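Participant: coordinates for the following, if possible.
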Amino acid sequence: MTREPLTRPNGSEERNDLSALMTDEPPVQQATGEEAEREVPRSLRRLTCLSVTHDTHSMDLVGELTFEDDLDVAREIHSNDRVTEAMVLSTCKRLEVYVSTRTPEPDDRETAIGAITEALAFPPDAKSYSGRDVATHLARVTAGIESTVLGEDEIAGQVSDALAAAKEAELATGVLGRVGNAALRAGRKCRAETAINEGPAGYGSAVCRALADELADPPERVLIVGAGEMASAVSQAVQCRWDARVDVANRSPAQDLTTTDGVWWTLDELGAAVDGADAIVTATDADCPLFERSHASRCEGTAPVVDMATPPDVSASARDHPAVAVTELSDLATVVRSAADRRRAAVKEAESVITEAVDRLVVRERESQAESVIRELHQEAAEIRAAELERAKERLADGEADPEEVLEDFASALAGRLLGPPTDELRTAARERDETALRAARRLFDLEGGEQP
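Facilitator: Purely as a prediction, here's the structure:
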């Protein structure tokens, strides 16, 4: 398969413009290694995840491993005869492949890792998870605990889209699909019951909040002055929040930041660009103010102006103009710092939510194992009953056998065939002093106590 790098200017995890404020985020949970078979259901032990993220590798490497069609990659991995399910989660800062294998044996897991590595040229030091840790990791990712911007919401949608695509392609129809569903439920619960996503996640969303506080109605046109990383974050946040036209004024063309109906203006045309704008955001690296009092006078009503530049883009005289309400970078930083503190404080509570969710998943997977055995048991009993009933009907149809005798024989044969195999096994257990099997039989058949072995 030909693989081409894919650039994602939009639709990726929100960029963290406050990395200096978020340096003490919790570390990524480490995989615990091989898990005891008796503690983790077999279905979960078939899971493996290979991960390359902003935390473990360079952003350049993550970008190189991001491809045009994630579903094609998942299909290629799934084509391996030891892989039963496959899902690819790809963002600008994360590439992860989740698979289930035919068995939980190490050979199958290594084969799956080889299939992933061959399809995506993963580095040999890619982070790997297995068993229950896969479910925990995916839930943490979905909740935003492992994102650059702690608790960001966009990743939940990206996980949902990746899972839905894999399900539609019939690549996640078993345990992987169930784990994905559990992760999405856990992520939603973390956001509903904790402060993990409370407050603006970064400068982009903080700007939107500042504009919304000043505007009576959603903006129809937003003007961004500048075209750097800050401006890009604001453009994406505005487009995510509102159905608004975004224009950009900059020295050089910046059509990639505008909406499809947006306009690029030169800085010489700033006055004309201001006309009719509902809100203005400045984010340039100019040495002196660009937004003067003459620009402020062209605003209609009292337009909110957010100045994100250092030094400021908005002159002192423009700030005093009654037609504008200016929010400064320091105000935004205070808001985002406070939100970051609340989010960090909520991590432990969110992790508890995830632990409970994974515990419930483990219980459900154990129960599903029992359901499989129960279905087989009922099917076997039904086949025995049908065979003995047919034999009894044939004897009655002859007219020679006594009906009462036929019923007695039918009941004896049915009980004998149902209880014969377990009786033989229990006798073997008694000879071998297997007290566990004997106690289990008493519990399964609800037998009263008696002489113990």
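Participant: only C-alpha atoms from now on, for both contacts and neighbour counts.
Facilitator: Will do.
Participant: give me the low-pLDDT residue ranges for the stretch 1-150 of the chain?
Facilitator: Low-confidence segments of the stretch 1-150 of the chain (pLDDT under 70): 1-38, 66.
Participant: so where do the helices sit in it?
Facilitator: 42-45, 59-64, 70-78, 106-120, 132-143 (DSSP state H, counting those that start in this stretch).
Participant: out of those, nearest to Glu168?
Facilitator: Nearest to Glu168 among these is helix 70-78; the distance by CA to CA comes to 10.3 Å.
Participant: can you pull the buried residues of that closest one?
Facilitator: Neighbour-count burial for helix 70-78 flags 70-71, 73-78 (criterion: 16 or more other CA atoms under 10 Å).
Participant: if we can go back for a sec, let me know which of the helices of the stretch 1-150 of the chain is tucked in deepest.
Facilitator: Mean neighbour count (mean count of other CA atoms under 10 Å) peaks for helix 132-143 among the helices of the stretch 1-150 of the chain, with a mean of 26.
Participant: that one: what's the following helix or strand?
Facilitator: Using DSSP states H and E, the helix or strand that follows helix 132-143 in sequence is helix 154-168.
Participant: which elements pack onto that next one?
Facilitator: In terms of contacts (3 or more CA pairs under 8 Å, 6 or more residues apart in numbering; DSSP states H and E), helix 154-168 is packed against helix 70-78, strand 83-91, helix 132-143, helix 175-193.
Participant: how about these, which one is nearest Gly204?
Facilitator: Among those, the nearest to Gly204 by CA to CA is strand 83-91 (18.3 Å).
Participant: contacts for that closest one?
Facilitator: 8, 11-13, 66, 70-71, 73-75, 77-78, 95-102, 108, 112, 158-159, 162-163, 166, 171-174, 176 (CA atoms under 8 Å, 6 or more residues apart in numbering).
Participant: right, and the secondary structure at Pro219 would be what?
Facilitator: At Pro219 the chain is in coil, as set by DSSP: H, G, I helix; E, B strand; the rest coil.
Participant: let's test this: mean pLDDT of the helix ranked longest in the chain, rounded?
Facilitator: Among the segments of the chain that qualify as a helix by DSSP state H, the longest is helix 347-398. Averaging pLDDT along helix 347-398 gives 89.
Participant: quick check: what element follows that helix along the chain?
Facilitator: The C-terminal neighbour of helix 347-398 among helices and strands, as given by DSSP H and E, is helix 403-431.
Participant: show me the contacts for Gly199.
Facilitator: 335-336, 339-340.
Participant: rerun at 10 Å
Facilitator: By CA atoms under 10 Å, 6 or more residues apart in numbering, Gly199 lies in contact with 151, 205-206, 209, 335-343.
Participant: so how do I select the buried members of those in ChimeraX?
Facilitator: In ChimeraX, a selection of the buried entries from the contacts of Gly199 looks like this (16+ other CA under 10 Å):
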select :151,205,206,209,335,336,337,339,340,341,342,343
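Participant: among the contacts of Gly199, which ones are in strands?
Facilitator: Assigned to strands by DSSP state E, none of these qualify.
Participant: most remote residue from this structure's center?
Facilitator: Within the chain, Glu400 marks the point farthest from the mean C-alpha position, 70.0 Å out by CA atoms, centre = their mean.
Participant: distance of it relative to Ser412?
Facilitator: Computed as CA to CA, to the nearest Å, the Glu400 to Ser412 distance reads 20 Å.
Participant: Leu184: how many residues sit nearby?
Facilitator: Leu184 is flanked by 23 other residues according to other CA atoms under 10 Å.
Participant: ok, how many other residues are close to Thr260?
Facilitator: Using other CA under 10 Å: Thr260 sits among 11 other residues.
Participant: coming back round to it: of the helices and strands packed on helix 154-168, which is nearest Glu432?
Facilitator: Per CA to CA, nearest to Glu432 of these: helix 132-143, 34.7 Å.
Participant: pull the distance from the closest one to the chain's centre.
Facilitator: Once both centres are worked out by CA atoms, centre = their mean, to the nearest Å, helix 132-143 turns out to sit 7 Å from its chain's centre.
Participant: middle-most residue in the chain, spatially?
Facilitator: Thr142 (3.1 Å).
Participant: check contacts around that one.
Facilitator: 136, 151-160, 180, 183-188, 190.
Participant: can you select the buried ones from the residues you listed in ChimeraX?
Facilitator: Selecting only the buried entries of the contacts of Thr142 in ChimeraX, with 16+ other CA under 10 Å as the criterion:
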select :136,151,152,153,154,155,156,158,159,160,180,183,184,185,186,187,188,190
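Participant: burial count for the closest residue to Arg140 other than its chain neighbours?
Facilitator: In space, and not counting its chain neighbours, Arg140 is closest to Glu146: 6.3 Å by CA to CA, 6 or more residues apart in numbering. Glu146 has 24 neighbours, counted by other CA under 10 Å.
Participant: from Val362, how far out is the closest residue to Thr53 other than its chain neighbours?
Facilitator: Distance criterion CA to CA, 6+ apart; nearest residue to Thr53, sequence neighbours excluded, is Arg94 at 4.3 Å. To Val362, Arg94 is 26 Å away according to CA to CA.
Participant: thanks a lot, see you next time.
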